[in-house]
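In: can you look at this prediction? I've put the sequence above it.
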Amino acid sequence: MSDPAVCCFLTRALCAQGGRLGLPELQQHAGLSAPQLAETLAAAGPRRFLVLRGGAEVLAVSDVRVCARRECGGCERLHLCKLNLMGRCHMRPSSCKYSHDITSAENKKVLKKHDLSGLSEDELRILLLQNDAFFLPDVSCTDVLKEAFCSPGMGEGNRECGVLISVSTLLFIQSSHAGPGSTLPGQRQQQLPTGAGGKDEDKKDDSSAEASKDNKEVNCDEICVFYVWKYCKHKDKCKSVHYHLPYKWEIYDGITWKDLSMMEEIEKAYCDPKNSSIAGRNINFQTMTCSSSPVRRLSTPSSVTKPTFVLTTQWIWYWKNNEGQWIEYGEQGEGDSVDSPSSAVLENLYQADPDATISFQAGQHHYNLNFKEMTQTNIAFKTRREVCRRPKFVSSEDKERPEGFFYSNQACPSHWDQSALPDLGYKAVVISSVTSEYNAIKQLFHQTMKTYSILKIQRIQNPSLWKVFQWQKEKMKRENGGKEVQEKLLFHGTNISFMEAICTRNFDWRICGKNGSNYGMGSYFARDASYSHAYCQAVEKGNMMFVARVLVGDYIKGNAAYVRPPRKSADGLWFYDSCVDDELNPSVFVVFEKHQIYPEYIIEYKEDEKKCVIS
């Protein structure tokens with residue numbers, strides 16, 4: 001039987017180095033002889049340490065898991081915030097409904113049971129990312145059979161499947177699935193170990209065209225847009241890769257990532273959607289491999305996430321017609337008409353949710369576009385077409401042209417504060433009480449809240465959400481025969497802990513909770529502020545409430561069983577846009593599609609002090 005203390009020490013050593021080490025390196029860290037280390041690993045077994053590549057490398061393994069239930073009455077798993085472990089939780093620990101504390105008594109008990117006491121948060125993160133299927137992309141077991149195993153009795157693709165994936169296999173998945181057509185969110189990619197975990201990668205020369213010194217940040221897959229342009233003020237401390245082009249092709253040699261030669265030639269071929277490979281170089285863009293070795297493409301951020309720079313990556317979306325030609329979205333309309341959404345619109349939607357399925361109309365036809373499968377399906381005829389996402393080619397000469405480096409974000413309303421337009425997320429701008437904008441919201445609020453005073457009104461400026469909202473508005477307008485879509489300013493009360501998430505990612509009743517479901521399973525909005533006030537959580541100074549811009553469109557009375565609005569046409573292709581409590585005089589609106597909502601304002605208010613009347 002293995003010594004628990006020694007096993008814990010070895011696990012910490014492995015996780016501190018990215019989750020795996022070669023046997024000689026691990027032996028050096030442990031201070032054990034080769035026979036002693038071999039005996040310890042054998043005694044611990046493959047559910048603690050997995051020996052790979054014929055005994056050349058050791059991977060840290062554990063049965064410890066994070067509880068995936070929203071509500072848990074008590075189990076033997078860790079109870080931690082998944083987003084916090086992945087570096088993506090924007091809540092304060094006191095506001096988040098999930099724990100950020102790995103040292104809580106409950107979590108300490110679980111770690112002790114698995115002989116993992118003393119692991120730091122970073123070490124535990126590495127261990128979970130390469131073991132717990134809860135943190136991994138939705139890849140079926142059959143995709144990872146090269147160096148993986150599944151617990152008996154678990155089905156393929158099951159999120160509870162006990163998939164154990166070696167780092168090298170995980171790298172292959174990351175390269176092929178998180179490459180240019182990725183369905184993996186960027187934050188998740190950055191957390192996965194993308195190098196060998198050793199210390200050799202930081203020896204590359206920053207001035208070399210072949211490699212970047214900043215590759216010591218082995219978990220980074222994004223090129224610094226400032227460095228591409230010539231200067232990054234963060235220099236060696238920059239978290240992004242420093243490279244002289246807005247793209248970088250690398251091959252994994254089993255130990256580290258190395259630059260591929262003829263970088264521009266590969267990029268130019270990849271930018272053409274007709275090319276699925278480069279035969280002369282044995283590079284396959286579908287599997288992201290060169291011969292049998294994984295290949296990856298690093299790039300600057302998507303242009304829609306950083307709209308003020310031109311050296312970001314402009315992604316172009318294509319669909320394949322019957323003749324096998326790739327047609328850019330937004331370009332297939334007759335004459336001057338463009339029937340389908342543009343590449344920019346699709347990219348915005350993709351960045352908001354890479355796993356989403358969106359619907360749109362082109363001419364008389366309605367389609368579903370599945371980002372995860374990269375397919376477009378005609379809803380009526382069920383015909384399916386391939387979809388492709390490729391970057392616009394930028395040569396080294398193009399990169400040197402300074403014209404157009406910055407441009408104004410004209411997609412946002414002109415009255416927005418132009419100095420508060422973030423590349424990602426939102427900015428809250430306090431509105432002056434002397435403006436007509438402020439007074440319009442104040443008047444709407446006081447129609448039913450006369451005994452309350454407004455402390456301040458903040459405008460939520462989220463360019464990404466606004467663009468998606470405008471696209472949805474145009475889509476609904478086309479579906480409505482060109483007539484304007486009914487749009488309303490409505491109130492929404494919620495727990496203060498959800499406000500940050502709503503401003504960042506929009507309303508989602510599945511995440512932000514629901515207050516009743518009498519008229520359907522969706523996000524509820526009210527005509528009257530007094531109705532929403534009942535659902536507001538009081539803060540120290542008073543209360544906070546959303547005012548949302550909502551595309552209510554055509555509505556019908558709701559039903560508790562509805563998970564989407566009912567059909568309104570005999571052919572089954574047209575649906576109502578929302579549900580209400582009363583069709584003749586609606587005061588409550590239920591919206592099932594978050595793209596129909598924009599969280600525009602937050603009102604902070606308090607109840608007026610009651611005057612004491614002495615008779």
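Out: Noted; the coordinates are in hand.

In: mind listing the helices for the stretch 151-300 of the chain?
Out: Counting by DSSP state H, counting those that start in this stretch, the segments of the stretch 151-300 of the chain that form helices are 167-177, 186-191, 225-229, 263-271.

In: lowest average pLDDT across those?
Out: Mean pLDDT is lowest for helix 186-191 among those, at a mean of 34.

In: got the confidence number for residue 62?
Out: In this prediction residue 62 is given a pLDDT of 89.

In: verify the stated contact: it with residue 127.
Out: Yes - with contact defined as Cβ atoms under 8 Å, residue 62 reaches residue 127; the gap is 5.5 Å. All C-beta spots, glycine's among them, are computed from the backbone N, C-alpha and C.

In: so what sits against both of these two?
Out: 11, 116 (Cβ atoms under 8 Å, 6 or more residues apart in numbering).

In: in a helix, that's where residue 128 is, yeah?
Out: Yes - using DSSP: H, G, I helix; E, B strand; the rest coil, the assignment for residue 128 is a helix.

In: what about it, how many residues nearby?
Out: Residue 128 is flanked by 23 other residues according to other Cβ atoms under 10 Å.

In: so where is the stretch 351-500 of the chain shaky, pLDDT-wise?
Out: 399-411 (pLDDT under 70).

In: what do you get if the cut-off is 90, keeping everything else the same?
Out: Regions of the stretch 351-500 of the chain meeting the criterion pLDDT under 90 cover residues 351-356, 358-366, 394-415, 417-425, 434-436, 464, 467-468, 470-484, 495-498.

In: tell me which stretches of it form helices.
Out: Ranges of helices within the stretch 351-500 of the chain are 396-399, 436-446, 463-479, 499-505, based on DSSP H, counting those that start in this stretch.

In: among those helices, which comes closest to residue 305?
Out: Of all these, the one in closest proximity to residue 305, counting by Cβ to Cβ, is helix 463-479 (7.2 Å).

In: contacts for the closest one?
Out: 304-305, 307, 341, 344-345, 348-349, 351-352, 360-361, 409, 411-413, 421-422, 424, 426, 483-485, 487, 505-506, 549, 551, 553, 574, 577, 593, 595-599.

In: rerun at 6 Å
Out: 345, 348, 360-361, 409, 411-412, 421, 485, 506, 551, 553, 595-596, 598 (Cβ atoms under 6 Å, 6 or more residues apart in numbering).

In: what do you get for stretch 599-615?
Out: With Cβ under 6 Å, 6+ apart, stretch 599-615 has contacts from 441, 451-460, 502-503, 542-549.

In: tell me which of those fall in strands.
Out: Under the assignment DSSP state E, the contacts of stretch 599-615 contribute 452-460, 543-549 to strands.

In: identify the farthest-apart pair in these.
Out: 453 and 549 (24.0 Å).

In: of these two, which one has the most company?
Out: When residue 453 is set against residue 549 and neighbours are counted by other Cβ under 10 Å, the residue ahead is residue 549, at 17 against 13.

In: now the more buried one: how far from residue 475?
Out: Per Cβ to Cβ, to the nearest Å, residue 549 is found 16 Å from residue 475.

In: swap in residue 86?
Out: Remark: distance between residue 86 and residue 475 (Cβ to Cβ) = 32 Å.

In: again with residue 233
Out: Distance from residue 233 to residue 475, by Cβ to Cβ: 41 Å.

In: ok so, going back, PyMOL command to pick out the buried ones of the contacts of helix 463-479?
Out: To isolate the buried ones among those in PyMOL, judged by 16 or more other Cβ atoms under 10 Å, type:
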select buried, resi 345+348+360+361+411+412+421+485+506+551+553+595+596+598
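
In: may I ask which two of the contacts of helix 463-479 are separated the most?
Out: Largest pairwise distance in these, by Cβ to Cβ, is 29.9 Å, between 361 and 421.

In: could you report the separation of residue 51 from residue 60?
Out: Note on residue 51: its distance to residue 60, by Cβ to Cβ, is 12 Å.

In: who's more crowded, these two?
Out: Using other Cβ under 10 Å, the more surrounded residue of residue 51 and residue 60 is residue 60, with 26 against 15.

In: the more buried one against residue 11, yeah?
Out: Yes - shown here, residue 60 and residue 11 form a contact pair, counting by Cβ atoms under 6 Å, at 5.1 Å.

In: returning to that earlier point: keep only those of the contacts of helix 463-479 that are in strands.
Out: When DSSP E is applied, the contacts of helix 463-479 are split such that 360-361, 551, 598 fall in strands.

In: make CSV out of those residues and add distance to residue 276.
Out: Shown next, in CSV, are the ones in strands among the contacts of helix 463-479 (distance: Cβ to Cβ, whole Å):
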residue, distance to residue 276
360, 26
361, 30
551, 39
598, 39
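
In: what about residue 549, distance to residue 532?
Out: Counting by Cβ to Cβ - residue 549 and residue 532 are separated by 15 Å.

In: nope, residue 452 is what I was after
Out: 12 Å.

In: between the two, tell me which one has more neighbours.
Out: Shown here are residue 452 and residue 532; by other Cβ under 10 Å, residue 532 has more neighbours (27 against 20).

In: what helix or strand is that one on?
Out: Here residue 532 sits within helix 529-533, counting by DSSP states H and E.

In: and that helix, what does it pack against?
Out: strand 487-492 (3 or more Cβ pairs under 6 Å, 6 or more residues apart in numbering; DSSP states H and E).

In: what comes up buried for the strand it packs on?
Out: Quick answer for strand 487-492 (16+ other Cβ under 10 Å): 487, 490-492.
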